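Colleague: test case, fold it:
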Amino acid sequence: MSFECSLWCYLWDLEDEGFDRALDVIQGDLGANGISVATVYHSVDQLRPHDGVSPRWFRSAGGMQFQPDAARYRGTRTRPVVADWLRSRNPLAGLSAACEKRGLALRGWTVCCHSSAMVARNPSLAVKDVFGSPSPSWLCPLNPDVQEFLRAVVEDLTHSYRFDSIELEACGFPRSPHGHAHEKVGVNLGAIGRMLLALCFCESCRQQASLNDVPVAAVERSVAVDLEGIFRNSGDRHETDIEPYLDSREPLRRFLEWRAAGVAGLIGRLRTACSGSLVLMLSEDPLLTSSRRNMLAGTCDRFLTPAYGADEAAVEERLRQAAADTGSPARVVVGLNACAGFTNDAASLVRNVGRIATLGAAGVHFYNYGLLPQSRLEWVRQAIRYGRRQNTADAS
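Modeller: Here you go, the predicted model:
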């Protein structure tokens, strides 16, 4: 099996550089055999270091990075939001054709629920905390309208373009009450407080939980009382393990189990809508995001496990863990971040990719073409070359 080496890319970077020029670099110079392009994305402020690109700062409120096929969305009440920078253009069609002509695998990097643009257009679909405050940036994954919309997106992408696979990111609940603004929090919430404040009690979650015999009203009361206690006494609190806390609050544990089953059901439905492979990007906090690996392995074709900033031992551990969940390292892709602050030198990037190839992973993704200066793209070239050599040697 060929070792997959892809670069995550933004469509605006590829278009501004020119598809042929950018793909010549990615495929010809770097030796990659695929790209993973953002198809649905959240808000962004990006400094772009490549020669000749303009503007140097790219800013967008986010949204769909393509023009939706209206017929695919007639069954949903959710209003799609097309990214403002596109206007009426649809460069994804040109990129799809260019990749097909070159034999370059095209993968759709799809950020599902993290979208301030979508929440602004569809505020009733937002995650809500126990105090009734809606998230400014996160859609509730268990809202039926959100689920129908995501299904339409996957159908649209895989039937309108030449995608080999769709990669789902943020297909679950948020890890924290995250927005794009600078949140001001002076309270030491601790692990328990962060979990409680991130829980969703929107109308849809409350209604569906009740229908599934989850005592959601009791859970709400307990969460509110515990959070108020943390607000009053956070300066004196010591960090408490979450598991013992949940052992003393069985209704909350049932609520979390119900959420995890709901997220697994959503991803399973998205798999039936996808005409190519469905790849799930693993969350770093499965308890908060309700992304339980043991529930999800059968709902998708592969796991994509990010290992940003990890050393060789940590990368190996993440790969082994994901392989144990999926049944084989051949069902796992590893994501590495080659940007400053995550990778210190070419040697460490090369070692990590070589180890990933030796352990039999399906491939590796590098973050991110448009963010990397030329010197670091050279590191990626060296890493791809070494990984392919290791993969070939192990296969023989």
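
Colleague: check contacts around the residue nearest to the spatial centre of the chain.
Modeller: In the chain, the C-alpha nearest the mean C-alpha coordinate belongs to residue 169, at 1.9 Å (CA atoms, centre = their mean). When contacts are counted by CB atoms under 8 Å, 6 or more residues apart in numbering, residue 169 is found next to 109-112, 114, 281. Bear in mind the C-beta positions are built from the backbone N, C-alpha and C, glycine included.

Colleague: make it 6 Å
Modeller: 111, 281 (CB atoms under 6 Å, 6 or more residues apart in numbering).

Colleague: which residues does it form a beta bridge with?
Modeller: Residue 169 has the following beta-bridge partners by DSSP bridges: residue 111.

Colleague: any weak-confidence spans in the chain?
Modeller: Counting by pLDDT under 70, the chain contains low-confidence ranges at 1, 177-181, 234-239, 393-396.

Colleague: nearest spatial neighbour of residue 113, chain-adjacent residues omitted?
Modeller: Among residues not flanking residue 113 along the chain, residue 139 sits closest, at 4.4 Å (CB to CB, 6 or more residues apart in numbering).

Colleague: from residue 151, how far out is the one you found?
Modeller: Using CB to CB, to the nearest Å, one gets 13 Å for the distance from residue 139 to residue 151.

Colleague: how near is the closest residue to residue 174 other than its chain neighbours to residue 248?
Modeller: Beyond its immediate neighbours in the sequence, the residue positioned closest to residue 174 (CB to CB, 6+ apart) is residue 138, lying 4.7 Å away. Computed with CB to CB, the distance linking residue 138 and residue 248 is 28 Å.

Colleague: so between the two, which is more surrounded?
Modeller: Each of residue 138 and residue 248 has its neighbours counted (other CB atoms under 10 Å); residue 138 has more, 28 against 9.

Colleague: my read: the more buried one touches residue 173, true?
Modeller: No. Checked against CB atoms under 6 Å, the pair residue 138 and residue 173 is beyond contact range at 7.6 Å.

Colleague: returning to that earlier point: was I right to think the residue nearest to residue 113 contacts residue 146?
Modeller: Yes. In terms of CB under 6 Å, residue 139 counts as a neighbour of residue 146; the distance is 4.8 Å.

Colleague: got the contact list for residue 386?
Modeller: By CB under 6 Å, 6+ apart, the contact list for residue 386 reads 350, 354.

Colleague: ranges for the helices of the stretch 101-250 of the chain?
Modeller: Counting by DSSP state H, counting those that start in this stretch, residue ranges of the helices within the stretch 101-250 of the chain are 116-121, 144-160, 190-198, 203-211, 216-233, 242-247, 250-273.

Colleague: in a markdown table: those helices, plus distance to residue 14 and mean neighbour count.
Modeller: Shown next, in a markdown table, are the helices of the stretch 101-250 of the chain (distance: least, CB to CB, whole Å; neighbours: other CB atoms under 10 Å):
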| stretch | distance to residue 14 | mean neighbour count |
| --- | --- | --- |
| helix 116-121 | 21 | 21 |
| helix 144-160 | 17 | 21 |
| helix 190-198 | 34 | 19 |
| helix 203-211 | 37 | 16 |
| helix 216-233 | 44 | 16 |
| helix 242-247 | 42 | 12 |
| helix 250-273 | 25 | 19 |
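
Colleague: what's the residue nearest to residue 115 when sequence neighbours are not counted sitting at in phi/psi?
Modeller: Distances taken as CB to CB, 6+ apart place residue 42 nearest to residue 115, at 5.3 Å, with adjacent residues excluded. For residue 42, the backbone dihedrals are phi -90, psi -170 (criterion: degrees, to the nearest 10).

Colleague: what number of residues lie near residue 42?
Modeller: Using other CB under 10 Å, the number of residues around residue 42 comes to 23.

Colleague: now swap in residue 360 and tell me
Modeller: By the measure other CB under 10 Å, the count of residues near residue 360 is 17.

Colleague: wait, a strand at it?
Modeller: No. In this structure, residue 360 is coil, not part of a strand, as judged by DSSP: H, G, I helix; E, B strand; the rest coil.
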